[in-house]
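Q: Predicted model and sequence follow; I will ask about them next.
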Amino acid sequence: MSAGLPKYVPVNLKDIEEAGFQEGEEVSLEPLKQKGLINPSGRERRLPLKILGDGELSVKLHCKARAFLLAAKEKLEAAGFSSTVLPGRKKWVKPSVAKNLARAEEYFLQRKEQLHLT
C-alpha cells in the first residue's frame, strides 16, 4: 500500500534560487519551511529533504539533505558549493537477526584476512 507514497520532500535548485537565500546560508528542511518554499503537512512533516537537479544556483550556499539527485550533486560540486548528506534512520532489526549479522560479518572478515595471508 505504501508503494505510491513519497519518501522525500523534493526541492529543485531553481526553487532554492528563487527563494532568495543569501551568500553562505544553509539550505535544509527548516530554512525552506521558514521561507515558505515547502509546506509539509500530515505524513510529509516527517519526510526528509531531497535536492533535485533542475535549475542553477548563483549564490554559494551550504546544502544539507538526506538525498541529492546525481545531477544536483554534480552541479553543486562543479560550482564549488558544499553539500552534506544527512544520515538516515537505522532500520530496526530483531536482536537475534542482529546477532547473526554480526557473526556473519566477523566470519567474512576473518575469511578475507585468511585469503590475504595465503
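A: Ah, there it is.

Q: Lowest mean pLDDT among the helices and strands, pick that one out for this structure.
A: Considering only helices and strands, the least confidently modelled element of the chain by mean pLDDT, DSSP states H and E is strand 82-85, at a mean of 84.

Q: Which neighbouring elements make contact with that one?
A: Using 3 or more CB pairs under 8 Å, 6 or more residues apart in numbering; DSSP states H and E, the elements in contact with strand 82-85 are strand 62-65, strand 67-68, helix 70-78. The C-beta positions use only the backbone N, C-alpha and C, and glycine is treated the same way.

Q: Neighbours of residue 83, how many?
A: Here the number of neighbours of residue 83 (other CB atoms under 10 Å) works out to 16.

Q: Could you measure from it over to residue 64?
A: Separation of residue 83 from residue 64 (CB to CB, to the nearest Å): 8 Å.

Q: Could you do residue 104 as well?
A: In this view, residue 104 and residue 64 are 34 Å apart by CB to CB.

Q: who's more crowded, the two?
A: When residue 104 and residue 64 are compared for neighbours, residue 64 comes out ahead with 18 against 10, by other CB under 10 Å.
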